[in-house]
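>>> A predicted structure for the sequence below; I have some questions about it.
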Amino acid sequence: MTRPKTNYIVFAKIGVLGLALATYFYFPGVQDFAIKGFSFIKSRNFEGLRQFILSYGIWAPVTSIALMTLQSAVPLVPGVIITITNAWIFGWQYGAVYSWTGALLGATLDFIVARWYGRPVIERFVNTKYLTLTDAFFKLHGILAVFITRLTPIIPFKVISYGAGLTKLTLWQFIVATAIGQTPAIVLYSILGQNLSHNAKSVAGITSLLLIAGLIVYYYRDTIELYLGSEKNK
């Protein structure tokens with residue numbers, strides 16, 4: 001029974017991958033959406049990205065969530081650009097919700113890809129050196145490592161998501177840590193984004209504050225882990 005089941009899983013993985021590639025290459029609308037959207041993000045063209053999202057009319061919120069979800073799988077595509085633009089378009093409250101949702105979906109997708117397809121595939125997207133460092137960090141701190149790295153926006157989300165998918169963390173643990181850890185950064189960048197034309201230079205200041213917060217959590221990691229451990233034992 002093991003052999004047929006194994007073959008079924010292999011065929012399923014190949015099928016899903018083939019379907020994703022076919023969707024991208026044989027549906028011009030999908031390819032055009034990705035190319036245009038990512039070009040605005042990479043060039044930091046806030047106005048172009050804003051017009052691109054608004055061009056979808058009532059589907060603009062879905063468009064922003066889709067962009068945030070897809071960017072997680074593409075190297076050198078910064079999600080913070082979408083977060084700021086979302087707040088500029090929808091106001092910081094709704095913008096934060098859309099960015100938070102897209103970021104969580106994207107991170108979950110990366111985690112599942114790593115868990116399902118394994119290290120050989122992930123090494124094509126992420127430098128082995130970074131994966132090795134991530135492995136060591138996860139072995140030491142587990143779920144807390146996800147929270148700390150989500151809190152600190154200078155660490156690429158996709159590296160952590162792929163790395164976590166290769167560990168023994170459960171999907172549920174990963175989702176909870178990501179959902180909580182990414183919230184402060186998304187809220188702060190969204191508040192900034194609502195007044196984009198006046199506060200663009202404040203990105204560095206917010207990033208610095210989040211970095212300090214991440215370092216504080218990291219410094220007290222042993223105490224936090226001890227507390228969490230004691231809570232689990234109650």
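Great, that's in hand.
>>> gap between the nearest residue to residue 139 once chain neighbours are set aside and residue 30?
With Cβ to Cβ, 6 or more residues apart in numbering as the measure, residue 167 is the residue that lies nearest to residue 139, at 7.6 Å, once sequence neighbours are left out. Yep, even glycine has a C-beta here, placed from its N, CA and C like the rest. The spacing between residue 167 and residue 30, counted by Cβ to Cβ, to the nearest Å, is 31 Å.
>>> who has more neighbours, the two?
Under the neighbour definition other Cβ atoms under 10 Å, residue 167 and residue 30 were set side by side, and residue 167 has more, 21 against 14.
>>> element containing that one, please.
With secondary structure defined by DSSP states H and E, residue 167 is part of neither a helix nor a strand.
>>> Quick check: it touching residue 131?
No. Assessed by Cβ atoms under 8 Å, residue 167 is found out of contact with residue 131, at 10.7 Å.
>>> List the residues that contact the nearest residue to residue 194 once chain neighbours are set aside.
Once flanking residues are discounted, residue 194 sits nearest to residue 92: 4.2 Å by Cβ to Cβ, 6+ apart. Neighbouring residues of residue 92 by Cβ atoms under 8 Å, 6 or more residues apart in numbering: 187, 190, 191, 193, 194.
>>> Sort out which of the residues you listed are buried, if you could.
Buried positions within the contacts of residue 92, assessed by neighbour count (16 or more other Cβ atoms under 10 Å), are 187, 190, 191, 193, 194.
>>> So which of these sit within helices?
In this view, the buried ones among the contacts of residue 92 that belong to helices under DSSP state H are 187, 190, 191, 193, 194.
>>> Of those residues, just say which sits nearest to residue 61.
Taking Cβ to Cβ as the measure, residue 61 sits nearest to residue 190 out of these, at 13.9 Å.
>>> Correct me if wrong: that closest one contacts residue 95.
Yes. Applying Cβ under 8 Å as the test, residue 190 and residue 95 come out as touching, 4.9 Å apart.
>>> gap between residue 77 and residue 58?
In terms of Cβ to Cβ, residue 77 sits 25 Å off from residue 58.
>>> Quick check: which ranges of this structure have low pLDDT?
1-18, 20-21, 23-24, 75-76, 123, 125-126, 130, 140-142, 153-155, 196-234 (pLDDT under 70).
>>> Please tell me how far the residue nearest to residue 139 sits from residue 36.
Note on residue 167: its distance to residue 36, by Cβ to Cβ, is 35 Å.
>>> Cool, thanks, signing off.
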